[in-house]
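> When you get a sec, could you give me coordinates for this:
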Amino acid sequence: MAADRIYYHPIPQATGGRWRLAGGWTGFTQFERLQRGHAPEIVDNAPDDVLHALTAPRADLMGLSLDQPRLMGIVNATPDSFSDGGTYDAATQAQMLIQSGADILDIGGESTRPGASEVSIAEETARILPAITAMAGQAPISVDTRKAAVASVTVNAGAGMVNDVSGFDFDPDMPALVAKSGLPVCLMHAQGLPHDMQDDPRYDDVVLDVYDALHDRIARAKAAGIRADRIVIDPGIGFGKTQAHNLAILRRISLYHGLGCPILLGVSRKRFIGEIGKAPAPEDRVAGTLALTLAAVAQGIQIHRVHDVAEHAQGLRMIAALNENGKTGI
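Numbering: from 1, shown residues only. All right, here's what the predicted structure looks like:
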């Protein structure tokens, strides 16, 4: 963390704009210049390298172009997920999500809800391997795991991406495994481990601290031999963050385009949505999740990890229909 580092937050606009965020559907003309210890300042220009990172089109992900929002359907092969653990057969759920409009399946066998305990490699693999094997070739598959041994087996079975919620902090063997596979990886930011991450999380400036942490994770991945165009980032909403932290990140999430990678957002059914939206049961948080998803789409976020694919697909179709050019940007 450098106190004198300057950050440029592109300010998304509803129509027009001098530039396009990540070569996508959202335009912007001005920036919010951010620096620790200084008040934000609206400016009209940014350094060339910053502008290039913000505007360069992102590479395809598992054969999917990222010039439109993509839905990642959540498949929890776990008995203890906070939202839907143990309520369905994973392969059956995966098939339903594809039919509902999922572009990607994210299949995981270890709950990372607050307070969750670690699952053994053998148990985690046994939970997810049947679903990955069954769905291989039917849709792009992401394996949601922190463990290189689990990733290795599931990649061989047909997974085309690794989604590491620890951002390579948990298993030192994961970077080399991903580099050798040549597959894309999503690096998420988390403060702490699931069993303790919500025990009074603190930041100097959560938006900038997460930016710096993701910057370092990207550098570590590149040093391990992972190509830049194979890296996706996730600011980790709810992972070692309070309600105020989550909202601060979501208000300025377009800042993270400056890291030059596609952005994955996972807010689906999370606790703070229930707190704000007065919806104690996770399954009643669909409307709040969709509201945050559409707000993030307006900031150019490319990948949205959700439980309720059909509702989100419908919302995205409506936004596209409202726009004269047929694009999804708001």
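
> What ranges does the stretch 201-330 of the chain have for its helices?
Per DSSP state H, counting those that start in this stretch, the stretch 201-330 of the chain carries helices over the ranges 206-223, 243-251, 271-277, 286-297, 309-322.

> With distance to Ile107, mean pLDDT and mean neighbour count as added columns, please give those in JSON lines.
C-beta: built from backbone N, CA, C; applies to glycine. Shown next, in JSON lines, are the helices of the stretch 201-330 of the chain (distance: least, CB to CB, whole Å; pLDDT from 0 to 100; neighbours: other CB atoms under 10 Å):
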{"stretch": "helix 206-223", "distance to Ile107": "22", "mean pLDDT": "97", "mean neighbour count": "19"}
{"stretch": "helix 243-251", "distance to Ile107": "25", "mean pLDDT": "98", "mean neighbour count": "17"}
{"stretch": "helix 271-277", "distance to Ile107": "23", "mean pLDDT": "97", "mean neighbour count": "17"}
{"stretch": "helix 286-297", "distance to Ile107": "20", "mean pLDDT": "98", "mean neighbour count": "20"}
{"stretch": "helix 309-322", "distance to Ile107": "14", "mean pLDDT": "94", "mean neighbour count": "16"}
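
> how about the ones you listed, which one is nearest Arg127?
helix 309-322 (20.9 Å; CB to CB).

> which strands and helices sit next to that closest one?
The contact analysis (3 or more CB pairs under 8 Å, 6 or more residues apart in numbering; DSSP states H and E) places helix 309-322 against strand 70-76, helix 90-100, helix 286-297.

> hang on, the earlier thing: mind putting the helices of the stretch 201-330 of the chain into CSV with distance to Arg230?
Shown next, in CSV, are the helices of the stretch 201-330 of the chain (distance: least, CB to CB, whole Å):
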stretch, distance to Arg230
helix 206-223, 8
helix 243-251, 24
helix 271-277, 31
helix 286-297, 22
helix 309-322, 25
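
> give the contact list for the spatially most central residue of the chain.
Centrality entry for the chain: nearest residue to the mean C-alpha point is Leu264, 2.3 Å, by CA atoms, centre = their mean. By CB atoms under 8 Å, 6 or more residues apart in numbering, the residues touching Leu264 are Met72, Asn163, Cys186, Met188, Val232, Ile233, Asp234, Ile301, Gln302, Ile303, His304, Arg305.

> what's the burial count for the fifth one?
The number of residues packed around Val232, counting by other CB atoms under 10 Å, is 22.

> Look up which residues are beta-bridged to it.
For Val232, the beta-bridge partners under DSSP bridges are Cys186.

> Where neighbours are concerned, which of the contacts of Leu264 has the most?
Neighbour max across the contacts of Leu264 (other CB under 10 Å) = His304, 28 neighbours.

> any idea how far the nearest residue to that one once chain neighbours are set aside is from Arg18?
Spatial nearest neighbour of His304, chain neighbours left out: Thr293 (5.1 Å); criterion: CB to CB, 6 or more residues apart in numbering. Thr293 sits 26 Å away from Arg18, going by CB to CB, to the nearest Å.

> Repeat that for Ala281.
Counting by CB to CB - Ala281 and Arg18 are separated by 44 Å.

> Look at Gly16 and say how many residues are nearby.
If you count neighbours by other CB under 10 Å, Gly16 ends up with 8.

> was I right about it contacting Phe28?
No - in this structure Gly16 lies outside contact range of Phe28 using CB atoms under 8 Å: 9.5 Å.

> pLDDT below threshold where in this structure?
Confidence mapping of the chain against pLDDT under 70 gives the ranges 1-2, 80-87, 115-116, 192-199, 324-330.

> at 80 instead, please
Residues of the chain meeting the criterion pLDDT under 80: 1-3, 78-88, 111-117, 192-200, 323-330.

> follow-up on the earlier one: and the helices and strands packed on helix 309-322: which comes nearest Pro10?
Nearest of those (CB to CB): helix 286-297, 13.9 Å.

> What lies in contact with the closest one?
Counting by CB under 8 Å, 6+ apart, 69, 250, 253, 265, 267-270, 273-274, 276-277, 279, 304, 306-308, 311-312, 315-316, 319, 328-330 sit against helix 286-297.

> Tell me the spacing between the residue nearest to His304 and Gln302.
For Thr293 relative to Gln302 (CB to CB), the value is 12 Å.

> try Ile141
For Ile141, the distance to Gln302 - CB to CB - is 18 Å.

> Same question for Arg285.
Taken as CB to CB, the span from Arg285 to Gln302 is 22 Å.

> try Pro12
14 Å.

> Could you do Asp169 as well?
24 Å.

> Please apply the same query to Ala151.
22 Å.

> ranges for the strands of the stretch 1-150 of the chain?
6-13, 19-20, 27-35, 41-43, 70-76, 104-108, 141-144 (DSSP state E, counting those that start in this stretch).
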